[in-house]
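Enquirer: predicted model and sequence follow; I will ask about them next.
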Amino acid sequence: MKNNELPKKIASSLEKLNQVQRILQWEVAKKEQLSPIQIQFLLYLNDHGEALRTVTHLSEEFDLTKATVSDAVSTLTNKGFIIKIQQETDKRSHVLELTKEGIVIVERIAGWRGRLLESIDTFSDEEQTHIFDLLNRLIVKLSRDKVISVARMCNTCGNFLVINKMKSLYKCNLTGEEFSINGINLGCDFYINS
């Protein structure tokens, strides 16, 4: 018999972990005089290629209005952390680029998850793989149900091939790379909506 309380407990556990992330982000945000979303934007811009560094992509990635993203981008621009570079193909669109000061701040804030990562690292490799697999499958389900608008992860990408489901072996059609569950990418720059 299925435990009807367990989904609620799992959801509550995920909410508690989300709260931990907010607390850790706020600690850094206060110290650096940035908002948590500004921190997330700086880290995102640092981690992604030019094609994904636009207001439109930030809006889609973080499920925010373009106006909200534009306000945060303006603040980061005024603080000297990013610059807008006009695209040659579309004069109305800009690529967002970290400045030298932006790179310095990213290096300072990049460790905001340190305490969370230390706690996760206390689990065995097998336990971490199992947790990642379960969370990965939950994200895929929510993405397919249109709760998450942009997942940009292997399992929802048009380049993703399952080589052997029983052995959890996969392949990226774009790169030709074969990988296991631990190689699944979250936030790929080459994602193709399947």
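Expert: Nice, I can see it.

Enquirer: report the mean per-residue pLDDT for stretch 19-37.
Expert: Average pLDDT, stretch 19-37: 91.

Enquirer: what lies in contact with that stretch?
Expert: For stretch 19-37, contacts defined as Cβ atoms under 8 Å, 6 or more residues apart in numbering pick out 38-40, 42, 62, 64, 68, 72, 75, 105, 108-109, 112-113, 115-116. Yep, even glycine has a C-beta here, placed from its N, CA and C like the rest.

Enquirer: again, only using 7 Å
Expert: The contact list for stretch 19-37, computed with Cβ atoms under 7 Å, 6 or more residues apart in numbering, reads 39, 72, 105, 108-109, 112-113, 115-116.

Enquirer: can you flag the buried ones in the residues you listed?
Expert: 39, 72, 105, 109, 112 (16 or more other Cβ atoms under 10 Å).

Enquirer: what about the nearest residue to Thr65 once chain neighbours are set aside, neighbour count?
Expert: Distances taken as Cβ to Cβ, 6 or more residues apart in numbering place Ser59 nearest to Thr65, at 6.6 Å, with adjacent residues excluded. Ser59: 18 surrounding residues under other Cβ atoms under 10 Å.

Enquirer: OK, contacts around Ser59?
Expert: Going by Cβ under 7 Å, 6+ apart, Ser59 touches 65-66, 69.

Enquirer: export those to JSON lines and tack on pLDDT, neighbour count and distance to Leu17?
Expert: Listed next are the contacts of Ser59 as JSON lines, based on pLDDT from 0 to 100; neighbours: other Cβ atoms under 10 Å; distance: Cβ to Cβ, whole Å:
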{"residue": "Thr65", "pLDDT": "93", "neighbour count": "9", "distance to Leu17": "26"}
{"residue": "Lys66", "pLDDT": "93", "neighbour count": "13", "distance to Leu17": "29"}
{"residue": "Val69", "pLDDT": "95", "neighbour count": "22", "distance to Leu17": "25"}
